[in-house]
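S.K.: sequence and predicted structure below; questions after.
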Amino acid sequence: MYPHFYSRVKLTILSLSTLILTLGCNEQQSQPAAQSMPPAMVSIQNVTITNVPITIELPATLAGNKEVEIRARVSGIVESRNFEEGQIVDEGQSLFTLDLEPFKLEVEKAQAQLDAAKAQVTQNKRERDRFETLTNERSISKRDFDNVASNYDISLANLESAKAALNEAKLNLEYAHVKAPVSGIIGRELMSEGSYVSGPQVLLAELTDTTTMRVRFGFSEREQLKMRKDVENGSLTLPKHNEFDAQIVLQDGSIYPQTGKVNFSDVRVNRYTGTSELQAKVANPQSQLRPGQFVRVRLQGAIRHNAVLLPQRAVLDNGTGKFVYIATKNEQGALVALPAPVEVGEWVQFDGKNFWVIRDGLKPEQSVITEGMARIFFPGMPVQVASEGE
């Protein structure tokens, strides 16, 4: 039993000795390999401070400058529709015509009542003049004259009432011609010929003025507060009265040629989205823009002061925040890459390239690595500058 036990112990000790020897050899071999790793070839850009215009890009929807509901002011039967659905109509153009006969009869009736009122005024005036002469001659009493004079005054009032009734009848006849209040694109008919409309409560069609379009978009309250703080500390300048230039980016990425101005900012904040509504107006002479379109709006006119610009590729993310690699010398005087956390701001674009605005974390004349980050396998790795960024 004991000789067998001792044999197993000797075998275990021999195995452990072999393992330790092997690990020692591997460690000795790995150290020269790490030390012999060549420096990573990188490109750098020296940190400089500049003032740069910034662009704010937000999703937006389009609406017509005027969106009008077409309604009849009087009731009646729709006799005709005088437009083609979807066409451009001019201000004052007839859109619908109601049955005119009842309104013509009302005009004739009101005209007859006006003529009768005029005749009554003439008759009462003759009576008043005759009684005035008799009163002066003391042939009739003062009371009889007062009655005749009152009848004359009442007939004058009836005449004015008859004139108003005639004007109302003529106005209703005019309202039976439903006309376009503005120029624009007419939608589809909602009431067809032969239908009865009971007045303004019935919608006949919708008309949209598209010569100028309203661009509506939301701006988060958090971003607005951040911008206000930047304005207060002098790091940001906004356009006067916040009248940003508004550029529209269409769904296919193309830029709409007309540029507008922000002309409205709502003081209220939407409690569901945390945004306040802004609006810009853009000319639309060729009717290229349509109501309801989803676009992106670029707001231009703000200036970021004392900012650092870095190519977008130079800014990395490690999951906890943004950082860049700085090329700097270590204690031994070797050039190595060290990470530096940064606070980023907006994107800006020059010559078709995207740049980050670095708001904090870098100092002037530091050398930021802009190319070759993929060759940096660990912080402090030796690097060699291949070229210096512009």
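M.R.: On my side now, so go ahead. Numbers count the residues shown, from 1 in each chain.

S.K.: in contact with the nearest residue to residue 62 once chain neighbours are set aside, which residues?
M.R.: If the residues on either side of it in the chain are set aside, residue 62 comes closest to residue 293, at 4.4 Å by CB to CB, 6 or more residues apart in numbering. Any C-beta I mention is one placed from the backbone N, CA and C, and that applies to glycine too. Residue 293 is in contact with 61-62, 250-251, counting by CB atoms under 8 Å, 6 or more residues apart in numbering.

S.K.: of those, buried ones?
M.R.: residue 62 (16 or more other CB atoms under 10 Å).

S.K.: helix/strand/coil for residue 356?
M.R.: strand (DSSP: H, G, I helix; E, B strand; the rest coil).

S.K.: my read: it touches residue 349, true?
M.R.: No - the pair residue 356 / residue 349 is not scored as a contact, 11.2 Å apart, by CB atoms under 8 Å.

S.K.: check which helices and strands the one helix or strand residue 158 maps to sits against.
M.R.: Using DSSP states H and E, residue 158 maps to helix 142-175. On a contact count with 3 or more CB pairs under 8 Å, 6 or more residues apart in numbering; DSSP states H and E, helix 142-175 meets helix 101-136.

S.K.: I'd like to know which elements the helix it packs on is packed against.
M.R.: Right, helix 101-136 is packed against helix 142-175 by 3+ CB pairs under 8 Å, 6+ apart.

S.K.: what's the offset of the helix it packs on from the middle of its chain?
M.R.: In this view, helix 142-175 has its centroid 56 Å away from the chain centroid, taken as CA atoms, centre = their mean, to the nearest Å.

S.K.: list the buried ones in the helix or strand following it?
M.R.: Once the chain leaves helix 142-175, the next helix or strand it forms, by DSSP H and E, is strand 177-179. In terms of neighbour count (16+ other CB under 10 Å), strand 177-179 has its buried residues at 178-179.

S.K.: what lines up beside strand 177-179 in the sheet?
M.R.: When sheet partners are counted by DSSP bridges, strand 177-179 sits next to strand 94-98 (antiparallel).

S.K.: got the contact list for the strand it pairs with?
M.R.: 70, 72, 74, 76-83, 89, 176-180, 186, 191, 197, 204-205, 207.

S.K.: mind listing which of these are in strands?
M.R.: Those of those mapping onto strands are 70, 76-81, 89, 177-179, 186, 197, 204-205, 207, per DSSP state E.

S.K.: distance of the closest residue in space to residue 369 that isn't next to it in sequence from residue 211?
M.R.: Closest residue to residue 369 apart from its sequence neighbours, by CB to CB, 6+ apart: residue 325 at 4.1 Å. Going from residue 325 to residue 211 by CB to CB, to the nearest Å gives 54 Å.

S.K.: neighbour-wise, which of those two wins?
M.R.: A direct count of neighbours by other CB atoms under 10 Å for residue 325 and residue 211 places residue 325 higher, at 25 against 16.

S.K.: what's the helix or strand for the more buried one?
M.R.: strand 322-329.

S.K.: how far off centre is that strand?
M.R.: The mean C-alpha position of strand 322-329 is separated from the chain mean by 39 Å, CA atoms, centre = their mean.

S.K.: which parts of the next helix or strand after that strand are buried?
M.R.: With elements assigned by DSSP H and E, the helix or strand that comes after strand 322-329 is strand 335-341. Using 16+ other CB under 10 Å as the test for burial, strand 335-341 gives 335-338.

S.K.: pull up the pairing partners for strand 335-341, direction included.
M.R.: Assessed with DSSP bridges, strand 335-341 is paired to strand 322-329 (antiparallel), strand 381-388 (antiparallel).
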